[in-house]
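[1] build me a structure from this.
(4 chains)
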Number of protein chains: 4
Amino acid sequence: MLCFLSDYTEGAHPKVLAHLMERNLVSLPGYGEDADTEAAKEKIRRECGRDDLQICFLTGGTQTNRIAISSMLRSYEGVVCAETGHIAVHESGAIESSGHKVIALPGHDGKLRAEDLAALMEGYLADDTREHMVRPGMVYITYPTELGTLYTRAELTALAETCKKYGLPLYLDGARLGYGLMSPLSELTLRDIVELTDLFYIGGTKVGALCGEALIYTKHNMPSHFMAIIKQQGALLAKTRVVSQQFDALFTDGLYREIGSHAIGLAMRMKEMFRAKGYELYIDSPTNQQFFILTWEQIERLRKYAAFEIWARLDERRAAVRFVTSWATTEQQLDELESVL
Amino acid sequence: MLCFLSDYTEGAHPKVLAHLMERNLVSLPGYGEDADTEAAKEKIRRECGRDDLQICFLTGGTQTNRIAISSMLRSYEGVVCAETGHIAVHESGAIESSGHKVIALPGHDGKLRAEDLAALMEGYLADDTREHMVRPGMVYITYPTELGTLYTRAELTALAETCKKYGLPLYLDGARLGYGLMSPLSELTLRDIVELTDLFYIGGTKVGALCGEALIYTKHNMPSHFMAIIKQQGALLAKTRVVSQQFDALFTDGLYREIGSHAIGLAMRMKEMFRAKGYELYIDSPTNQQFFILTWEQIERLRKYAAFEIWARLDERRAAVRFVTSWATTEQQLDELESVL
Amino acid sequence: MLCFLSDYTEGAHPKVLAHLMERNLVSLPGYGEDADTEAAKEKIRRECGRDDLQICFLTGGTQTNRIAISSMLRSYEGVVCAETGHIAVHESGAIESSGHKVIALPGHDGKLRAEDLAALMEGYLADDTREHMVRPGMVYITYPTELGTLYTRAELTALAETCKKYGLPLYLDGARLGYGLMSPLSELTLRDIVELTDLFYIGGTKVGALCGEALIYTKHNMPSHFMAIIKQQGALLAKTRVVSQQFDALFTDGLYREIGSHAIGLAMRMKEMFRAKGYELYIDSPTNQQFFILTWEQIERLRKYAAFEIWARLDERRAAVRFVTSWATTEQQLDELESVL
Amino acid sequence: MLCFLSDYTEGAHPKVLAHLMERNLVSLPGYGEDADTEAAKEKIRRECGRDDLQICFLTGGTQTNRIAISSMLRSYEGVVCAETGHIAVHESGAIESSGHKVIALPGHDGKLRAEDLAALMEGYLADDTREHMVRPGMVYITYPTELGTLYTRAELTALAETCKKYGLPLYLDGARLGYGLMSPLSELTLRDIVELTDLFYIGGTKVGALCGEALIYTKHNMPSHFMAIIKQQGALLAKTRVVSQQFDALFTDGLYREIGSHAIGLAMRMKEMFRAKGYELYIDSPTNQQFFILTWEQIERLRKYAAFEIWARLDERRAAVRFVTSWATTEQQLDELESVL
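    Below is the predicted model:
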């Protein structure tokens, strides 16, 4: 059975596992105060082109979002995002459970627009009752978005400038960052993201690691006593090494980029395969999540050979489906898929 | 350099890593709804002698404590523990950050006494102002304790009965459970713990896993929508398999018990070594944490050969130190330690 | 200067103050355990036609909403309301600060529709990822709404039935309940509200009291240890008598109803006055909040004589304004207003 | 029946009620943005001798403590107090419910000692695991204490200096401040308290108001958007005037001081009465709470004539009891009490 359900359906990239294995018996102090963790940070800093980044290794995306957001907001502030944003839809209220409102604005193919943000802020500032309202306190975006789309350089720059104008930190959720950056249509590099955001995370879980995300504060703005902050939320690993060693492997010899390229190449091939067979695109995604429109009969038939997600029920006859590639996807799997399309 | 700093200074037991490796490329659905996770639960249930246990795999101890405790308490309730309890001292206020008071009672070698608990409850119930007080809502203990000690069967039974009498769920933090159960002085088995507690966790991080704890509700008392509860706290792993596959290995062919026995054997040998050389015990611990009294000169000298923790400053001349063994400790390391004592 | 800014711009109805004065020197125990508080509850129960209502006196609307809602929801649940709902817009994130998402649905003249609620619930229940979503856990409505409108009997009954179908408690915010119930267009009585809701509050602050709201659980569903719950949120008054004595006065000889009738009578006269002078209605409100469309020039001129709120900027030329009557408004004030319209 | 249960068993001082009455029909904007609220702040500033104090009127003591403390602490910080502190014992976990640990140190007649605080801080700073601990973030004291006692000038100065040394804001709960300041044994004035603390509150509820406390930030340290902060916690009164007008009355013509003097005078007379009749003091309190030791028979007999609180069960034969005077206590009531002692 082929599996295109998601990019977290297998374990870790073999090189990641090999590195864990290699370092397994080395004795290191706990809680991230070890040499391996420092080494991994150094490699990430080098790739980002900045030696002053403050980095923290965490375990998963929702955990990272909850910590990143609550670490930047004051009690009466909320976080702005597109209505399709992961924090607005699929985190079981993690942000609210930390005390903060998620202020959802219309999404445009999953993206938040600078002009919508500016309008929100102007409305807030002009409102005489604003002290009775939640103050927009930061902005959350994803790259690529939940729909696989990418901000253009102009779009992200406009957002970043709007954020700066209104004093809002810009936070980028990079759960699938590797698959975004390596898209041939990406107008942005890792270094651009470092410059344009106030904090962001490099996703590991979906890009080759067993688990783990690297949360990065780009403007010397990591709150003090950050270790206590993450400990308090249950996110401090005794063996932080487990995550940092994986990031060491991912940022050695360009593995993170290689994984991205591999999955994007296969995703583009997949898109062409579907198109060639006459299927319609639901979204024209330039990244590793591909969305097609299938009839229920087609879905029924394909499911005998491959696992994939039904994304949205369109009507009586058709649904949108999602096929995802990853580091673990192979050309041979695509060959097999092609043969049953 | 020898390392006796803690039981989380290396990666994972080789068999655990091997199992991760073996299952690495198998495609499985995410969020704990996979066959490997179910298999691990089954192995734990078998070891516990109960096929109806509700089990959830989490990443670390503080996370598990925060979730276990907040899942059982109503907003105005607190959790009772010994003043040395991990949640009272070393979790950066994780319990309070979830809204609940930690009610610390005197500890006796790290243990909470049934009579102290009963006195607290009688005082609370007799107090006319009790609606203005935090209601004791559950009890937290550790096995072994933070001081390496073990509840006797009589002690734990008395506590459990007192809890039942006052309607308090009893929660046991088993971060080092394997090292407790396999002590020759342990009067309790895993099955006893299942019977006597309402919920407990089997620690993986300190007993051979890269990371991970198995939280177990023993009385069909896992709150409904528990997946949403842990998601909300940032504790739901996309690849829950990473933890559950490790527990599968730990509960295959008695590995968890084997790890415990191994470390306890070495700890007992270490205790004898220190005694034989004339050192005094700080606590006579029957588990893998050993506490000795050393002069500052002895500490200074030993530190050239071995890493260990200074537990408590006793006076101008002496301190209590902690040496910890684990699955990763070897007889050869003890030989070396002996040679420099 | 005339004041139509709101219904909380004066102190208390003279009879309320007189009753406070009369009881001032009577010694009573604190924290709501006094005879006067019991007497006030009895009067409310009688007016509601039910001798088994559980009642609690609180100080203000946001406080009451925060307590009522958080007392009914589990951690992973949110509260559903119309997008114009007070909790969604004007409570500075009080609900989120208690850990819960406000799930806003489209409002229809400020009202939530049963079909929109049903659609939300069907979508939630059909969604395979629902454990990653906030579970709708209760419903919040206002009567009258923030736009002065009233649910018809059919509308409220449909909502209540939909709530029951999906197991959602229905909570009614009655900040201006007196002004709603006494509208000639109200199809609902206080007794209907008791029957159709699971909890609601009778607003005092805006209906003749110095401060205070009566939160009522209608189905024996007040959480246990409720005193501790409100104490913990800082809402337990040492002198609860201050609020309950006011409610005693409001529910003596029909004063609460009389206040409602008085303000509604004046509001209807005001509406006719504006209409007669050719002004357009922004909303045709049957209660004490009246909304008109004025040009900016008209606003400028009127503001010399009367204080009122600019509700919404409509365009370059016009705005919607709000004029509010209350127990404190007089016929003479309306005469004066009429003379300057 | 005489009532010495507490200082909140009657309504308000007649002059306070009279002022409410006098201002009742004046139309004022809501939420504390009215002239009467500004006038009350001015009067308090004058009495405090500082025209730059930031003041906020709230409704009750627990609410004020919860807001004051959570407004000053970062998420991983706790508040230090004496073990008898109100927040540690009698606020149903309000501080913990806002996410913060209450760190209780030994009390000495209800007072926190500078040396105990310094020892706590030195221990914290010397602890290598301090990032795993709750960081002491501010200090809470009461004046007078829960036991009626008063800090000497030297004691409070030492505490304030210790706080400054370790960067801890000092917060003083003045629920009964008027009764403390007017004790002939008070070495401190209101102005001293302004200088020595970072924030404090002047209690109204127990000193002549129907309800209300004035929270004062003394060092230009009120957090920005404070209105949103209190709104969010349900503490913003639409009619803030109700509290501020009462404080206006209390700070007109020395009424607050007069109330204090009156109650203290009666308390001293009461102490002498008990002593003269041979009763033993439980605590030698210089303020309006008096504590005596009575046998159970004496208690039984006295209770026929007077209400008072049993403070602590001492042994089979005796208990400590509390008698409280207030603005509402009269010489005649003491005459009656004397006749039945």
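
[2] please name the residues that touch the single nearest residue of the stretch 101-250 of chain A relative to chain B.
    Residue of the stretch 101-250 of chain A nearest chain B, by Cβ to the nearest Cβ: A:G234 (3.1 Å). For the C-beta atoms, the positions are set from N, CA and C on the backbone; glycine is no exception. Counting by Cβ atoms under 8 Å, 6 or more residues apart in numbering or on different chains, A:G234 makes contact with B:G60, B:T62, B:Q63, B:T64, B:N65, B:R66, B:I67, B:A94, B:Q233, B:G234, B:A235.

[3] so the first one sits against A:V242, correct?
    Just to be clear, that refers to B:G60. No. Using Cβ atoms under 8 Å, B:G60 is not in contact with A:V242; the gap is 10.5 Å.

[4] out of these two, which sits in the more crowded spot?
    Set side by side, B:G60 and A:V242 show more neighbours around A:V242, with 28 against 25, by other Cβ atoms under 10 Å in any protein chain shown.

[5] tell me the phi and psi of that one?
    Note on A:V242: its backbone torsions stand at phi -60, psi -40 [degrees, to the nearest 10].

[6] so what's it up against?
    Neighbours of A:V242 in contact, by Cβ under 8 Å, 6+ apart: A:L20, A:L210, A:C211, A:G212, B:G11, B:L210, B:C211.

[7] quick one: secondary structure of the second one?
    Three states are possible here, and by DSSP: H, G, I helix; E, B strand; the rest coil the one that applies to A:L210 is coil.

[8] interface residues of chain A facing chain C?
    Within reach of chain C by Cβ under 8 Å from any Cβ of the partner chain, chain A has these residues: A:75-76, A:78, A:89-93, A:96-97, A:99-102, A:129, A:131-134.

[9] part of a helix, is A:A320?
    No. Using three-state DSSP, the assignment for A:A320 is strand, not a helix.

[10] give me the nearest residue to it, chain neighbours excluded.
    A:Y282 (3.9 Å; Cβ to Cβ, 6 or more residues apart in numbering or on different chains).

[11] what about that neighbour, distance to chain C?
    According to Cβ to the nearest Cβ, to the nearest Å, A:Y282 stands 17 Å off from chain C.

[12] A:I103 pairs with what?
    A:V80 (DSSP bridges).

[13] for D:V242, see how far away it is.
    A:I103 sits 33 Å away from D:V242, going by Cβ to Cβ, to the nearest Å.

[14] try A:G234
    Taking Cβ to Cβ, one finds A:G234 at 43 Å from D:V242.

[15] now, which of the contacts of A:G234 sits nearest chain D?
    When the contacts of A:G234 are compared for distance to chain D (Cβ to the nearest Cβ), B:T62 comes out closest, at 8.7 Å.

[16] sec struct for the residue nearest to A:A320, please.
    strand.

[17] quick one: the helices in the stretch 51-200 of chain A?
    Taking DSSP state H, counting those that start in this stretch as the test, the helices found in the stretch 51-200 of chain A are A:61-72, A:86-89, A:94-97, A:114-126, A:153-166, A:177-181, A:190-196.

[18] isn't the residue nearest to A:A320 up against A:F323?
    No. Between A:Y282 and A:F323 there is no contact under Cβ under 8 Å: 10.8 Å.

[19] overlap in contacts of the two?
    With Cβ under 8 Å, 6+ apart as the test, A:Y282 and A:F323 both reach A:F291, A:F292.

[20] of the two, which one has the most company?
    Taking neighbours as other Cβ under 10 Å, A:Y282 and A:F323 compare with A:F323 leading, 26 against 21.

[21] could I get the contacting residues of that one?
    By Cβ under 8 Å, 6+ apart, the neighbours of A:F323 are A:F4, A:M270, A:Q289, A:Q290, A:F291, A:F292, A:A306, A:F308.

[22] what about the strands in chain A?
    Ranges of strands within chain A are A:2-3, A:54-58, A:77-82, A:102-105, A:135-142, A:170-174, A:199-203, A:213-217, A:280-283, A:289-295, A:306-307, A:309-313, A:318-324, based on DSSP state E.

[23] other SSEs contacting the fourth one?
    Secondary-structure packing of strand A:102-105 (3 or more Cβ pairs under 8 Å, 6 or more residues apart in numbering or on different chains; DSSP states H and E): strand A:77-82, helix A:86-89, helix A:114-126.

[24] return the most buried member of those.
    Greatest average neighbour count among the helices and strands packed on strand A:102-105 goes to strand A:77-82 (a mean of 26), per mean count of other Cβ atoms under 10 Å in any protein chain shown.

[25] need phi/psi at A:S92.
    With angles defined as degrees, to the nearest 10, A:S92 sits at phi 50, psi 30.

[26] was I right to think A:A12 contacts A:V243?
    No. A:A12 lies out of contact with A:V243 (Cβ under 8 Å); the separation is 11.3 Å.

[27] shared neighbours of those two, which are they?
    A:A209.

[28] OK, contacts around the residue of the stretch 201-341 of chain A found nearest chain D?
    Residue nearest to chain D within the stretch 201-341 of chain A: A:A228 (3.9 Å; Cβ to the nearest Cβ). With contact taken as Cβ under 8 Å, 6+ apart, A:A228 is in contact with B:S92, B:G93, D:Y76, D:E131, D:H132, D:M133, D:R135.

[29] the first one and D:Y76 touch, don't they?
    It stands for B:S92. Yes. Checked against Cβ under 8 Å, the pair B:S92 and D:Y76 is within contact range at 5.5 Å.

[30] can the contacts of A:V242 go into CSV with extra columns for neighbour count and pLDDT?
    As requested, the contacts of A:V242 are arranged in CSV below (neighbours: other Cβ atoms under 10 Å in any protein chain shown; pLDDT from 0 to 100):
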residue, neighbour count, pLDDT
A:L20, 24, 98
A:L210, 28, 98
A:C211, 26, 98
A:G212, 29, 98
B:G11, 26, 98
B:L210, 29, 98
B:C211, 26, 98
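
[31] circling back to that earlier point, of all the contacts of A:A228, which two lie farthest apart?
    Checked with Cβ to Cβ, the contacts of A:A228 reach their widest spread between B:G93 and D:E131, with 11.6 Å between them.

[32] which one's more surrounded, those two?
    B:G93 (26 against 20).

[33] now the more buried one. Nearest residue, chain neighbours left out?
    Sequence neighbours aside, D:V134 is the residue nearest to B:G93 in space, at 4.1 Å (criterion: Cβ to Cβ, 6+ apart).

[34] what do you get for A:S98?
    A:S98 sits nearest to A:S70 (Cβ to Cβ, 6+ apart), 4.1 Å away.

[35] ok, the residue of chain A most remote from its centre to D:R241 distance?
    In chain A, A:D128 marks the outermost C-alpha relative to the chain mean, sitting 36.9 Å out by Cα atoms, centre = their mean. Distance, A:D128 to D:R241, using Cβ to Cβ: 19 Å.

[36] and the residue nearest to B:G93, backbone torsions?
    Main-chain dihedrals, D:V134, degrees, to the nearest 10: phi -70, psi 130.

[37] residues contacting it?
    Neighbour list for D:V134: B:S92, B:G93, B:E96, D:Y76, D:E77, D:G78, D:K101, D:I103 [criterion: Cβ under 8 Å, 6+ apart].

[38] now do the buried residues in the top helix by length along chain A.
    Using DSSP state H, we find that the single longest helix of chain A is helix A:255-276. Buried residues in helix A:255-276, counted by 16 or more other Cβ atoms under 10 Å in any protein chain shown: A:255-268, A:270-271, A:273-274.

[39] what residues does the stretch 51-200 of chain A have near chain D?
    Taking Cβ under 8 Å from any Cβ as the measure of proximity, the stretch 51-200 of chain A contacts chain D at A:S70, A:R74, A:S75, A:Y76, A:E131, A:H132, A:M133, A:R135.

[40] contact partners for the nearest residue to the last one once chain neighbours are set aside?
    Here the nearest residue to A:R135 in space, its sequence neighbours aside, is A:E77; by Cβ to Cβ, 6+ apart that works out to 4.8 Å. For A:E77, the contact set (Cβ under 8 Å, 6+ apart) comprises A:H100, A:V134, A:R135, A:P136, A:G137, A:M138.
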